[in-house]
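Asks: Have a look at this fold, sequence not included:
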């Protein structure tokens, strides 16, 4: 796996996971918690998201094969969905989710782990980026390591959420999220373009 491929994996996963965009939501859904409980929620959400994404990364293609869906078809579908997801990042007017309330609800699972960290776009990305026919287990593990680094960064940003928002402001976080949306849109178009030319991955 070349450095260019690792960089593409990093950019694609970064913009689909959107670590900075997770911070305002984290602050919102944990505002009534104690500092210790907030930290535990952040750690639990990150671990749950890692489990979901790693499961899709290593096993997602087997599921597609069982359903007789070709990777190129999935790459085109994934590129289209990622593009639409990018549009929501670019034109989003609000970053909140309707969060259920009640003692039995765990915000670490919803909305933090999914859909905020393990976004639908990220789930699609890890499958497309690690085709079993062209990537060895070692290459898939390298992509998993990149994903783990991004999730670790997400955890750090959540724990530093108050300081970050105070530094760049909510408007600054919104601008950064939209810039990432533009990068994701470009990556999604490249995925569709490559698939139309019979190439898996960025091409």
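Replies: Arrived safely. This one's a predicted model, so the numbers in the text were calculated from it and none came from an experiment. Numbering: from 1, shown residues only.
Asks: drop to CA atoms for contacts and neighbour counts, all remaining ones
Replies: Will do.
Asks: model confidence over the longest helix seen in the chain, on average?
Replies: The helix that spans the most residues within the chain, counting by DSSP state H, is helix 161-196. Mean per-residue pLDDT for helix 161-196: 80.
Asks: in that helix, what's buried?
Replies: Buried residues in helix 161-196, defined by neighbour count with 16 or more other Cα atoms under 10 Å: 161, 164-165, 173-174, 176-195.
Asks: again, but for stretch 46-56
Replies: For stretch 46-56, a neighbour-count test (16+ other Cα under 10 Å) marks 46, 47, 48, 49, 50, 53, 54, 56 as buried.
Asks: so where does the nearest residue to residue 6 once chain neighbours are set aside fall, helix or strand?
Replies: Excluding the flanking residues, the one nearest residue 6 by Cα to Cα, 6 or more residues apart in numbering is residue 143, at 7.1 Å. Assigned by DSSP states H and E, residue 143 belongs to helix 137-159.
Asks: Return the angle between stretch directions for that helix and helix 161-196.
Replies: When axes from the mean of the first three to the mean of the last three Cα atoms, to 10 degrees is applied, the directions of helix 137-159 and helix 161-196 differ by 150 degrees.
Asks: so what does helix 137-159 touch, helix or strand wise?
Replies: The contact analysis (3 or more Cα pairs under 8 Å, 6 or more residues apart in numbering; DSSP states H and E) places helix 137-159 against helix 3-17, helix 19-29, helix 35-66.
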